[in-house]
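Asks: here are the coordinates; sequence isn't available:
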């Protein structure tokens, strides 16, 4: 089966979100003088990560707006009833430190170069268009994608099939001609597979392997493995590399 396009996740797939979030929050907390009130550095950073994951899940489930989950994360973390403006200002100060730590994974540009002539490229993210277009532009990647789709504007988020199918519709390709590459085994891996796309899980070690082994997911540890995978007839009749 011919794969004609690759649709990409962004955070922890192309962009080293985990490191940027960690280093940005560390710098922000030092500037805000908040380490002292939240235990040691590692505990404080782990608490921010847990709060982020919890409220991001609420956004993905449609329980809160994109802006709302940001404000709720801040309020829970600082333990204060901040107004929207106050929470937004706190988050903007964090973002300044976070953006200073942005970087791509080293395998991203070489892989995009190899696939540039042979495959079309798009982005599907559980974030917002404003956030991800700014990120991709800043990192010098935006022009490499013919479409950027995000959950905040689509009204549906991964792992729902509708999110993946929207990307296929935008490319005017059937799902079996599209590969999806993401870092999360359930949200990206299982979701893409169940929507009928060729599902590729880039296992960078930032998320636990929670997807069921029977899911039709190809597991890779570096994007350098991707060109051979999407150029081969591996969708049917071959064992999954997951697990």
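Replies: That came through, no problem. Worth saying up front: this structure is predicted, and the values here are computed from it rather than measured.

Asks: switch to C-alpha atoms for all contacts and neighbour counts from now on
Replies: Fine.

Asks: residue ranges of each domain in this structure, please.
Replies: Domain assignment for the chain by automatic domain parsing gives 5-16+103-230, 17-100.

Asks: lowest average pLDDT across these?
Replies: Note on the domains of the chain: lowest mean pLDDT is at domain 17-100, with a mean of 88.

Asks: from the chain's centre, how far out does it sit?
Replies: From the chain centre to the centre of domain 17-100 is a distance of 17 Å (C-alpha atoms, centre = their mean, to the nearest Å).

Asks: so residue 120 touches residue 8, yeah?
Replies: No - between residue 120 and residue 8 there is no contact under C-alpha atoms under 8 Å: 10.9 Å.

Asks: the two: which is more packed in?
Replies: residue 8 (22 against 18; other C-alpha atoms under 10 Å).

Asks: contacts only, for the more buried one.
Replies: Applying C-alpha atoms under 8 Å, 6 or more residues apart in numbering to residue 8 gives the contacts 14, 121-125, 180-182.

Asks: may I see the residues you listed arranged in JSON lines, with neighbour count as well?
Replies: Converted to JSON lines, those look like this (neighbours: other C-alpha atoms under 10 Å):
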{"residue": "14", "neighbour count": "24"}
{"residue": "121", "neighbour count": "22"}
{"residue": "122", "neighbour count": "21"}
{"residue": "123", "neighbour count": "23"}
{"residue": "124", "neighbour count": "27"}
{"residue": "125", "neighbour count": "23"}
{"residue": "180", "neighbour count": "26"}
{"residue": "181", "neighbour count": "28"}
{"residue": "182", "neighbour count": "27"}
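
Asks: which helix runs longest in the protein?
Replies: Longest helix of the chain, by residue count under DSSP state H: helix 41-60.

Asks: which positions in that helix come out as buried?
Replies: 44-45, 48-49, 51-52, 55-56, 59-60 (16 or more other C-alpha atoms under 10 Å).

Asks: go through the contacts of residue 8 and name the one nearest residue 108.
Replies: For the contacts of residue 8, the closest approach to residue 108 (C-alpha to C-alpha) belongs to residue 14, at 6.0 Å.

Asks: now do the contacts for the closest one.
Replies: 8, 104-105, 108 are the contacts of residue 14 under C-alpha under 8 Å, 6+ apart.

Asks: for ChimeraX, what selects the buried ones among those?
Replies: Selecting only the buried entries of the contacts of residue 14 in ChimeraX, with 16+ other C-alpha under 10 Å as the criterion:
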select :8,104,108
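
Asks: which of the contacts of residue 14 sits closest to residue 231?
Replies: Using C-alpha to C-alpha, the contacts of residue 14 come closest to residue 231 at residue 8, 16.4 Å.

Asks: so residue 122 lies in a strand, does it not?
Replies: Yes - under the criterion used here (DSSP: H, G, I helix; E, B strand; the rest coil), residue 122 sits inside a strand.
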